[in-house]
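S.K.: based on what follows, work out the 3D shape:
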Amino acid sequence: MRVLITGRHGQVSRELQLGLADKAELLVLGQEQLNLADSEAIRHQVRALRPDLIINAAAHTAVDQAESEPELAFAINAQAPGVLAEEAAALDVPLIHYSTDYVFDGSKHGPYREDDATGPLGVYGCSKLAGEEAIRQVGGQHLILRTSWVYSLHGKNFLLTMQRLLQEREEMRVVADQIGAPTWAGSIARATGELIQHWQNGQAGPWGTYHLSGLGETSWFGFASAIGEQLRLQGKPCARLQPIPSSAYPTPAQRPLNSRLDCSRLQQEWRIRLPDWHDALLECLASPR
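M.R.: Numbers count the residues shown, from 1 in each chain. Purely as a prediction, here's the structure:
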């Protein structure tokens, strides 16, 4: 099976490459090989490679930066997924695409289900929602997987930033009123591999939109505390942590206060269950870099 993966150096893409290397012929395209802001370049590559499956693991993920460059964010997060969906449909092959909890406004009291009303608060969330809608408009075989608070041992993410800052500073103030579930990129890649296996075995669930994140919930402060606990267990220095409200840490883009995702539909329809967020953190930290 030939699998086209966009985003060579992204967190999820790197884990996908590790997890699928012995199961398929991987056609991995980074920015050097494919400009996702160029629709014709996308069409040319897909038609030349003729993959059996497309995984769109690339995105404009700089949430605050997107506020000042909305055209680029929409080109990569909205326009490109629609083009990939069109090319996948033309080849009659599935498309797997990753989306985000930021398509919601965070005002709901409980975890968000797939059919809850969306209402993104910033350019990033708006562009990702537009990408979802572009894929759904094309139809065809597709999975839109919404995830949250993605981290790994590579790239730029909360885990690596906290590990560094907690060892450099005496005190850290971290937002405590945004609630969600940290999701290890390795867990996302593993679940994606299981989805592909079910499809290949003729045991696929319905195509469509699903939530896929770590189980359980915490705040950014709780996530930072768990990271700090592991540093202390290793005998490393760790700053004192102070919880603060979002209002005390203003950013260009507003974040949803509730990012919790109900992942029960993915478990029921595709028999996919992700680990508890804290267990996944420990597995990530124990994995080879």
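S.K.: so who does Gly119 touch?
M.R.: Contacts for Gly119 (C-beta atoms under 8 Å, 6 or more residues apart in numbering) come out as 104-105, 107. Heads up, the C-betas are built off the backbone N, CA and C, glycines and all.
S.K.: how about a cut-off of 6 Å?
M.R.: Contacts for Gly119 (C-beta atoms under 6 Å, 6 or more residues apart in numbering) come out as Asp105.
S.K.: over to the one 3 residues further on?
M.R.: If you count contacts by C-beta under 6 Å, 6+ apart, Gly122 has them with 253-254.
S.K.: Pro252 versus that one, what's the distance?
M.R.: 8 Å (C-beta to C-beta, to the nearest Å).
S.K.: repeat for Arg2
M.R.: Distance, Arg2 to Pro252, using C-beta to C-beta: 40 Å.
S.K.: same deal with Leu285?
M.R.: According to C-beta to C-beta, Leu285 stands 31 Å off from Pro252.
S.K.: between these two, tell me which one has more neighbours.
M.R.: Neighbour count, other C-beta atoms under 10 Å: between Leu285 and Pro252, Leu285 has more, with 16 against 12.
S.K.: so the more buried one, which of the three states?
M.R.: Secondary structure for Leu285, judged by DSSP: H, G, I helix; E, B strand; the rest coil, is helix.
S.K.: contacts only, for it.
M.R.: Taking C-beta under 6 Å, 6+ apart, we find Leu285 in contact with Gln230.
S.K.: now do 10 Å
M.R.: For Leu285, the contacting residues are 153, 159, 163, 184, 226-227, 230-231, 234, by C-beta atoms under 10 Å, 6 or more residues apart in numbering.
S.K.: name whatever forms a beta bridge with the spatially most central residue of the chain.
M.R.: In the chain, the residue lying closest to the centroid (C-alpha atoms, centre = their mean) is Thr147, at 4.8 Å. Assessed by DSSP bridges, Thr147 has beta-bridge partners Thr100.
S.K.: wait, it touches Thr183, no?
M.R.: Yes: the criterion here is C-beta atoms under 10 Å, and Thr147 meets it with Thr183 at 5.1 Å.
S.K.: which residues do those two both contact?
M.R.: 12, 101, 191, 212-214, 261, 274.
S.K.: separation between Leu91 and Gly125?
M.R.: Separation of Leu91 from Gly125 (C-beta to C-beta) stands at 30 Å.
S.K.: comparing the two, which residue is more hemmed in?
M.R.: Gly125 (28 against 18).
S.K.: just checking, that one touches Pro70?
M.R.: No: the pair Gly125 / Pro70 is not scored as a contact, 11.7 Å apart, by C-beta under 10 Å.
S.K.: and the helices in the stretch 1-150 of the chain?
M.R.: If DSSP state H, counting those that start in this stretch is used as the criterion, the helices of the stretch 1-150 of the chain fall at 11-20, 39-49, 63-66, 70-74, 80-91, 123-138.
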